[in-house]
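K.L.:
using only what follows, build the 3D model:
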Amino acid sequence: MVRTAITPVFVAVVLVVSSAGCSDDEPSGTSTDSDAAEAALLVIDLQDGFAGARVELVVNGRTVARLDEVMTDELLGLAESVTVEVPVGPTEVRVRIDDVELVENLEVDADRFLGVSRTADGPRIIVSAEPFGYG
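P.N.:
Reported below is the predicted structural model:
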């Protein structure tokens, strides 16, 4: 019988921590006011009823998309999708479709999904906590 000797091996891990960019007043790894605020994704889907429309999307006063000749894919029920990162908190979304404007005020505390459709009764916005399904 052959015996094999097993020699224990010790591995030392050296962790180097740099203090560059940290002030003496706060420990490393803490958040400051200059750090990015909590954010969430706002997905705006232009859904049914678009047939060559001009659409402008404005989120919290900032134009995030200007789209011409927006056409719904009848098979999918989707024309366009725009994703915007927004800070957590109150959010105002303005959707201008040709000469009509819709305004949706919502409290964003996680990712949100807005579906915009044109119907016989006029345009409408649906707010969802879950993504819409297409196809």
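K.L.:
flag the shaky bits of the protein, pLDDT-wise.
P.N.:
By pLDDT under 70, the weakly predicted segments of the chain are 1-37, 135.
K.L.:
tell me which residue is most central in it.
P.N.:
Leu41 (1.7 Å; C-alpha atoms, centre = their mean).
K.L.:
and it, what does it touch?
P.N.:
Contacts for Leu41 (C-beta atoms under 8 Å, 6 or more residues apart in numbering) come out as Thr83, Val84, Glu85, Val86, Asp111, Arg112. Glycine gets a C-beta too; all of them are placed from N, C-alpha and C.
K.L.:
swap in 7 Å and give it another go.
P.N.:
Listed by C-beta atoms under 7 Å, 6 or more residues apart in numbering, the contact set of Leu41 reads Thr83, Glu85, Asp111.
K.L.:
same list (those residues) but as a markdown table, adding secondary structure, distance to Ile125 and neighbour count.
P.N.:
Shown next, in a markdown table, are the contacts of Leu41 (DSSP: H, G, I helix; E, B strand; the rest coil; distance: C-beta to C-beta, whole Å; neighbours: other C-beta atoms under 10 Å):
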| residue | secondary structure | distance to Ile125 | neighbour count |
| --- | --- | --- | --- |
| Thr83 | strand | 16 | 12 |
| Glu85 | strand | 19 | 12 |
| Asp111 | coil | 16 | 16 |
